[in-house]
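Q: Give the three-dimensional model of this entry:
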Amino acid sequence: MLGPFDVSPLTLGSAPSVRRQWIFRLVLLMTIFTLFLMAIGSATRVMDAGLACPDWPLCFGRLVPQMDLPIFLEWFHRLLATSLGLLAIAFAGLSVAWRQALPPWVPYAAAAALCLVILQGILGGLTVTELLRFEIVTAHLGTGLLFFCLLVAITVGLAPFRGRGSARWLRTCRTDRPAMGLWPECVGGLGGFAVGRSSVPLWRSPVWGAP
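A: Presented below is the predicted three-dimensional model:
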């Protein structure tokens, strides 16, 4: 099986594993890209440059305005957001075209990501046109965080798992035993232990040497 960073050419007749790995790379790129975009957005906010470009989607009526630091931050933030939107469109399209090679939940997650990007773009425009209204700025930040968390979840879900070593303690929770195994008992035992410990004052815990 290909590793997540193994370089393999992508063709129309590529194997499903190759297509899945390319989707994984795309989502990983989007996740890192979003983190960088959030950092630029934070810098824009800290520099009080949210209205450095007074119009939207252009900046002073131009695609590339005359630059100073605040204008550059706001303009670059918009440029990155537009690029991320294009990546989200590509992700949604490829997840549908290659759905046979992907887990069944991926197209739905890609559609959700695309919807969040569209909503984020609308909120970004309203942030400028409504002169940084608190409610819109808060919604803009919350939507961005939700989108980032969704990308992280998709990346983890698509990452190939390669276990190393052994986890002998898990054998007590095997699910191939009668009565659906000992897994419910393990979970229940841990839960009961946690509840029981929470009812004991910390200073009376054996960890602290108290009787």
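
Q: low-scoring stretches of this structure, by residue?
A: 1-14, 161-211 (pLDDT under 70).

Q: List the buried residues of the strand or helix carrying Cys115.
A: Assigned by DSSP states H and E, Cys115 falls within helix 106-129. By neighbour count on 16 or more other Cβ atoms under 10 Å, the buried set for helix 106-129 is 106-107, 109-110, 113-114, 116-117, 120-121, 123-128. C-betas here are computed from N, CA, C, even on glycine.

Q: Toward the C-terminus, what is the element adjacent to it?
A: helix 134-158.

Q: Which other helices and strands does that following helix contact?
A: Helix 134-158 sits against helix 16-46, helix 106-129, with contacts defined as 3 or more Cβ pairs under 8 Å, 6 or more residues apart in numbering; DSSP states H and E.

Q: Which other helices and strands does the helix holding Cys115 contact?
A: Judged by 3+ Cβ pairs under 8 Å, 6+ apart, the packing partners of helix 106-129 are helix 69-97, helix 134-158.

Q: Pipe those into CSV and attach mean neighbour count per row.
A: Compiled in CSV, these are given as follows (neighbours: other Cβ atoms under 10 Å):
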stretch, mean neighbour count
helix 69-97, 17
helix 134-158, 16
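
Q: Turn the ones you listed into TSV, including distance to Gly41.
A: What follows is the helices and strands packed on helix 106-129, written out as TSV (distance: least, Cβ to Cβ, whole Å):
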stretch	distance to Gly41
helix 69-97	6
helix 134-158	7
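
Q: Those helices: which one's closest to Val27?
A: When these are compared by Cβ to Cβ, helix 134-158 sits nearest Val27, at 5.1 Å.

Q: between the closest one and helix 69-97, how many degrees?
A: 40 degrees (axes from the mean of the first three to the mean of the last three Cα atoms, to 10 degrees).

Q: Now do helix 134-158 and helix 16-46, the angle between them.
A: Relative orientation of helix 134-158 versus helix 16-46 (the same axes, to 10 degrees): 150 degrees.

Q: Contacts made by helix 134-158 with the rest, please.
A: 20, 23-24, 27-28, 30-31, 34-35, 37-38, 41, 50, 102-103, 105-106, 109-110, 112-113, 116-117, 119-120, 123-124, 126-127, 130 (Cβ atoms under 8 Å, 6 or more residues apart in numbering).

Q: can we see that at 6 Å?
A: Applying Cβ atoms under 6 Å, 6 or more residues apart in numbering, the contact partners of helix 134-158 are 24, 27-28, 30-31, 34, 38, 109, 113, 116, 119-120, 123, 126-127, 130.
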